[in-house]
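Q: Give me a model of this one.
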Amino acid sequence: MTKARNVAGHRARDAAILALLIVACSPLAGHAQSDEITATAPADGFVPPAPTGPQPLQESVAAIVNDDIISTYDLGQRMRLLIAVSGAQPTQETLPQFQREALSGLVDERLQIQELRRVEKQQKIDILATDQEVDEEISGMAQQNNMTRDQFLGALGGQGIGGGTLRQQIRAQMSWQRWIRGRYGSRLRIGDDQIRAAQLRLAATAARPQYQISEVFLDAGRAGGIEQATQGAAQLISQLQQGAPFAAVARQFSSSPTAAAGGDAGWVSQGEMSPEVDVALEQLRPGQLSQPVPVKDGVYILYLRDKRAGAGGEVVNLKQVAVPLPADATAEAEAEARAKLMALRPSIKACSDVEAVAGKSAGIIAGDLGEAEVSDLAPQFRETATKLKVGEVSEPIRTTVGLHLLALCGKRASGDAQANREEIEGRLFSQQLSMVARRYMRDLRNSATIETR
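A: Coordinates of the predicted model:
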């Protein structure tokens, strides 16, 4: 049974943490995002105070985890780090969320380190990451931000974040992952029946629409309930719209196994995820963020990077030669344009000839239409593109803007080939290992004495 209690003094603690938190725009997170989301200015006009360097601070107790104290200084430092590496711009409304996330992370890390030290003592083995391993991880983070290790730590220090704060987080993460994989990785067995079942599910969904997504999943149990998770998701969406990099936010806030990859969930087919997620994805266009998507045990934020038809669809690569012609052009003008295109058509022997042939005649334009799903083409082009063979050129096609010749440069089935056996086995292994880790943490929390003040 969980032995946890809230103690009077939340307002005093919150005031102390706000005094600790001196935040500036971070140079650390901007390098992580390749998919851009349109940024807007903060709606409430809140401007974080400029950094002034480390200040003399008064400490008090923020929480106690099995007699291990988390001070308000620890909590303020973790909030600074969370904001810096996520690239978020805090407001008066979002600071409580950063505080909750920072405190949850610190409590989990204390429980993990306590458990690992117990196991080390009991089994006389080394599990905790060494200083050298932590240094190597920090150097890798610095390289990802196009900095040296000293520059990276200096940038954190300029925002009042001590190097020990980052080292503590990295040591806990590395050590816990090593223990979970070492203890349970060799015990997990993915059976042939599980792999066959996964292959059947993939085959059944192969013809459905597919979505390339990134995700942030807020665990309702960790956030304090669905309502709190939904509010937190709405605040994170606001931060993302203001320019916070999605990958950095996912790494810091998401409880999904994809957090380590910046939230990248790859391509998913309709039906692979929960019905609520399917409905949300159907309403998005590539480049858009979803609203909070509540599911049974938490809330998703979805970023649709791309979308394609299922494996039953068809993708064509087209070029065109066209004569601009308004919809109300006379019959004589249309006949003249048609004659021009028919005269050029025999000269187009291959797609590589299109631009050169069109360039020899005045009033004719050429263009590469690239790849497109047949189902996404304009109605006038759809049937023609389906009937053409690769290398063939169509008869003139009338649209509201002109007459067109289409050259079919390529054709293929849409959707990637199904994952092979090894990929399926690896995916199932990761899912099961993640489930084991979450249960382990749940048991540690349930058996712990946790007091928040």
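Q: Please name the residues that touch the closest residue to residue 260 other than its chain neighbours.
A: Sequence neighbours aside, residue 251 is the residue nearest to residue 260 in space, at 7.2 Å (criterion: Cβ to Cβ, 6 or more residues apart in numbering). (C-beta placed from N, C-alpha, C; glycine too.) For residue 251, the contact set (Cβ atoms under 8 Å, 6 or more residues apart in numbering) comprises 85-86, 259-260, 262-263.
Q: out of these, which are inside helices?
A: 85-86 (DSSP state H).
Q: Of the contacts of residue 251 - the most surrounded one?
A: Neighbour counts for the contacts of residue 251 peak at residue 86, which has 28 neighbours (criterion: other Cβ atoms under 10 Å).
Q: What residues does that one make contact with?
A: 29, 239, 244-245, 248-249, 251-253.
Q: try 6 Å this time
A: 248-249, 252 (Cβ atoms under 6 Å, 6 or more residues apart in numbering).
Q: From residue 356, how far off is it?
A: The gap separating residue 86 from residue 356 is 51 Å, by Cβ to Cβ, to the nearest Å.
Q: pLDDT score assigned to residue 17?
A: Per-residue pLDDT puts residue 17 at 38.
Q: do residue 24 as well
A: 34.
Q: same deal with residue 388?
A: In this model, residue 388 carries a pLDDT of 90.
Q: Poorly predicted segments of the stretch 301-450 of the chain, please.
A: 309-313, 413-419 (pLDDT under 70).
Q: That one: helices as residue ranges?
A: 331-344, 354-358, 379-387, 421-447 (DSSP state H, counting those that start in this stretch).
Q: For the last one, buried residues please.
A: So that's helix 421-447. Across helix 421-447, burial judged by 16 or more other Cβ atoms under 10 Å covers 424-425, 428, 432-433, 436-438, 440-441, 444-445.
Q: and the helix of greatest length in the chain, what does it pack onto?
A: Identified as the longest helix of the chain according to DSSP H is helix 95-123. Of the remaining helices and strands, those touching helix 95-123 by 3 or more Cβ pairs under 6 Å, 6 or more residues apart in numbering; DSSP states H and E are helix 72-86, helix 163-184.
Q: Export these as TSV, with columns for distance to residue 269 and mean pLDDT.
A: Formatted as TSV, the helices and strands packed on helix 95-123 follow (distance: least, Cβ to Cβ, whole Å; pLDDT from 0 to 100):
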stretch	distance to residue 269	mean pLDDT
helix 72-86	30	89
helix 163-184	28	91
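Q: how about those, which one is nearest residue 292?
A: helix 72-86 (17.5 Å; Cβ to Cβ).
Q: Centre of the chain to that closest one, how far?
A: 22 Å (Cα atoms, centre = their mean, to the nearest Å).
Q: What of stretch 289-298?
A: How far stretch 289-298 lies from its chain's middle: 14 Å, per Cα atoms, centre = their mean.
Q: Give the burial count for residue 357, as a bare number.
A: 19.
Q: residues touching it, list them.
A: Per Cβ under 6 Å, 6+ apart, neighbours of residue 357: 344, 347-348.
Q: For the closest residue to it other than its chain neighbours, give its distance to residue 391.
A: Excluding the flanking residues, the one nearest residue 357 by Cβ to Cβ, 6+ apart is residue 347, at 4.8 Å. Going from residue 347 to residue 391 by Cβ to Cβ gives 14 Å.
Q: cool, and residue 221?
A: 59 Å.
Q: Residue 151 too?
A: Residue 151 is 55 Å from residue 391, by Cβ to Cβ.
Q: Setting aside sequence-adjacent positions, which residue approaches residue 409 most closely?
A: Residue 409 sits nearest to residue 351 (Cβ to Cβ, 6+ apart), 3.9 Å away.
Q: what about the one you found, how many neighbours?
A: Residues near residue 351, counting by other Cβ under 10 Å: 18.
Q: That one touches residue 319, doesn't it?
A: Yes: the pair residue 351 and residue 319 qualifies as a contact (Cβ atoms under 6 Å) at a distance of 5.4 Å.
Q: if I look at the two, which residues touch both of them?
A: 407, 409.
Q: rewinding a little: if you count neighbours, what's buried in the longest helix of the chain?
A: For helix 95-123, by 16+ other Cβ under 10 Å, it's 95, 97-116.
Q: now stretch 277-296
A: 277-278, 280-281, 284, 289-290, 292-295.
Q: tell me which of those is nearest to residue 326?
A: residue 284 (35.3 Å).
Q: Report the contact partners of the residue nearest to that closest one when sequence neighbours are not counted.
A: Counting by Cβ to Cβ, 6+ apart, residue 284 lies nearest to residue 304, which is 4.1 Å off, once chain neighbours are set aside. Contacts for residue 304 (Cβ under 6 Å, 6+ apart) come out as 213, 284, 286, 288.
Q: change it to 10 Å
A: 35, 211-214, 280-281, 283-290 (Cβ atoms under 10 Å, 6 or more residues apart in numbering).
Q: Quick check: which of those residues has the minimum pLDDT.
A: Scoring the contacts of residue 304 by pLDDT puts residue 35 last, at 42.
Q: And the average pLDDT for the strand or helix carrying the residue nearest to residue 260 is what?
A: Element membership of residue 251 [criterion: DSSP states H and E] is helix 246-253. Helix 246-253 comes out with an average pLDDT of 89.
Q: for the next helix or strand after it, which positions count as buried?
A: Sequence order places strand 264-269 as the next helix or strand after helix 246-253, per DSSP H and E. Of all the residues in strand 264-269, those buried under the rule 16+ other Cβ under 10 Å are 264-265, 267-269.
Q: can you pull the contacts of the residue lying closest to residue 94 once chain neighbours are set aside?
A: Among residues not flanking residue 94 along the chain, residue 235 sits closest, at 4.7 Å (Cβ to Cβ, 6+ apart). Residue 235 makes contacts with 88, 90-91, 93-98, 292, as judged by Cβ under 10 Å, 6+ apart.
Q: circling back to that earlier point, any idea how far the residue nearest to residue 409 is from residue 390?
A: 9 Å.
Q: Which neighbours do these two have in common?
A: Joint contacts of residue 351 and residue 390 (Cβ under 10 Å, 6+ apart) are 317, 407-410.
Q: right, and residue 165 touches residue 78 too?
A: Yes: the pair residue 165 and residue 78 qualifies as a contact (Cβ atoms under 10 Å) at a distance of 6.4 Å.
Q: out of these two, which sits in the busier spot?
A: residue 78 (26 against 19).
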